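Asks: Quick one: sequence and predicted model below, then my questions.
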Amino acid sequence: MSTKSRVLFVCVTNAARSQMAEALLRHTAPDQYDAFSAGTKPGAVDPYAQSALDQLGVSTEGLRSKSVDEFAGQTFDFVITLCDKAALECHALPGAGEFITWNFQDPADSPQPDAYRHTLHEIHERIKMFVLVKRKR
């Protein structure tokens, strides 16, 4: 059995924010966490999100859009939602140890130039803080 903490990142379509978070946590703390992502209404992985990860040198290998239903019956130490809508839809997700709500604007809906890069940076900063604060003692 793994001594790593299991983390599930959730947003609505599992296209950009949760994919970024999954890849970033795998990149930042691979020895401490097993990272997964899912959506309440999954679509497809956003190519701009993959491009932003590639530009940062973060592996996108194995990333695919998944439904939260795919993880039914599994337990997670942390379930982290990345948007308010997912937080509302997943507040009672079975198997969740600690439930954490983060809210990041969907870069696909942002008028900001370099929205994907900006969102990736914001999520990366939050991931680094999460790893620092939640480090197993």
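Replies: Great, that's in hand.
Asks: C-alpha only now, for contacts and for neighbours.
Replies: Will do.
Asks: Can you list the buried residues in the longest helix seen in the chain?
Replies: Using DSSP state H to define each element, the chain has its longest helix at helix 115-134. Residues of helix 115-134 classed as buried by neighbour count (16 or more other Cα atoms under 10 Å): 115, 116, 117, 119, 120, 121, 123, 124, 127.
Asks: Show residues contacting that helix.
Replies: 17, 20-21, 24-25, 28-29, 48-49, 52-53, 104-108 (Cα atoms under 8 Å, 6 or more residues apart in numbering).
Asks: By neighbour count, sort out the buried ones in those residues.
Replies: Buried subset of the contacts of helix 115-134 (neighbour count, 16+ other Cα under 10 Å): 17, 20-21, 24-25, 29, 48-49, 52-53, 104, 106-107.
Asks: and these as a markdown table, adding secondary structure?
Replies: A markdown table is the format used below for the buried ones among the contacts of helix 115-134 (DSSP: H, G, I helix; E, B strand; the rest coil):
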| residue | secondary structure |
| --- | --- |
| 17 | helix |
| 20 | helix |
| 21 | helix |
| 24 | helix |
| 25 | helix |
| 29 | coil |
| 48 | helix |
| 49 | helix |
| 52 | helix |
| 53 | helix |
| 104 | coil |
| 106 | coil |
| 107 | helix |
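Asks: As TSV, the residues you listed with pLDDT and distance to residue 8 would be great.
Replies: Output for those, formatted as TSV (pLDDT from 0 to 100; distance: Cα to Cα, whole Å):
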residue	pLDDT	distance to residue 8
17	94	12
20	97	12
21	97	9
24	97	13
25	97	10
29	96	14
48	95	22
49	95	18
52	95	21
53	96	18
104	90	16
106	90	18
107	93	20
